[in-house]
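Engineer: no sequence on this one, just coordinates:
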């Protein structure tokens, strides 16, 4: 939802605020890898209970994640491999952040929130999977309450504001609702079409 609403404005804003990123020597893949490394550092902080620092790192990593595509488009370096790399590392970051929180709460003896974090992780994976699977047959498949950008924003806000349990509960519920929405949307659009192959 956030990406669809602000996508075009965001491209122009990034070019104004961070013009140095658009130098020909700055490769979009490098930005993707840097952002992933920073976000994995955020996961380490979350696992250790350093929520505010982890949230700050997650925000910084998120900036790199958002700018790599902008830079790729500006430089004419948009490739299928770049999309694959970006999507794969996004999944890695999602799993790492939420698994780190589950580890933290389990280690602290807070089983309820460990299970909520696990539910958030399962829901996040499911939302990504349902979209990826539907896109095998549907060229333009969008929809759902809580996409990746919203989930990351909730984690950052939860860490900075000292409300991580609330953020995790919102992600868990929102992700499961989103997955259900996408399954229903795929059912409406695909109907009873037979499966031609099984990727």
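Structural biologist: Great, that's in hand. Note that the structure is predicted; figures quoted are calculated from it, not measured.

Engineer: From here on, just use CA atoms for contacts and neighbour counts.
Structural biologist: Will do.

Engineer: Residue 184: how many residues sit nearby?
Structural biologist: When neighbours are defined as other C-alpha atoms under 10 Å, residue 184 has 12 of them.

Engineer: Give me the pLDDT value at the spatially most central residue of the chain.
Structural biologist: Nearest residue to the geometric centre of the chain (C-alpha atoms, centre = their mean): residue 148, 3.6 Å. pLDDT for residue 148: 89.

Engineer: contacting residues for it?
Structural biologist: residue 124 (C-alpha atoms under 8 Å, 6 or more residues apart in numbering).

Engineer: tell me what the helix or strand that residue 96 is a member of is packed against?
Structural biologist: Secondary structure from DSSP states H and E places residue 96 in helix 80-107. Judged by 3 or more C-alpha pairs under 8 Å, 6 or more residues apart in numbering; DSSP states H and E, helix 80-107 is in contact with helix 28-47, helix 111-134.

Engineer: Tell me what angle the shortest one forms with helix 80-107.
Structural biologist: Put plainly, it is helix 28-47. 10 degrees (axes from the mean of the first three to the mean of the last three C-alpha atoms, to 10 degrees).

Engineer: Any buried residues in helix 28-47, and which?
Structural biologist: 28-29, 31-47 (16 or more other C-alpha atoms under 10 Å).

Engineer: Past it, which element shows up next along the chain?
Structural biologist: Immediately after helix 28-47, counting by DSSP H and E, sits helix 51-75.

Engineer: for that next one, packing partners?
Structural biologist: Using 3+ C-alpha pairs under 8 Å, 6+ apart, helix 51-75 is in contact with helix 2-17, helix 28-47, helix 148-161.

Engineer: out of those helices, which comes closest to residue 120?
Structural biologist: Across these, the minimum distance to residue 120, taken as C-alpha to C-alpha, is reached by helix 148-161, at 9.4 Å.

Engineer: thinking again about what came up before, how far away from the center of its chain is the helix holding residue 96?
Structural biologist: 8 Å (C-alpha atoms, centre = their mean, to the nearest Å).
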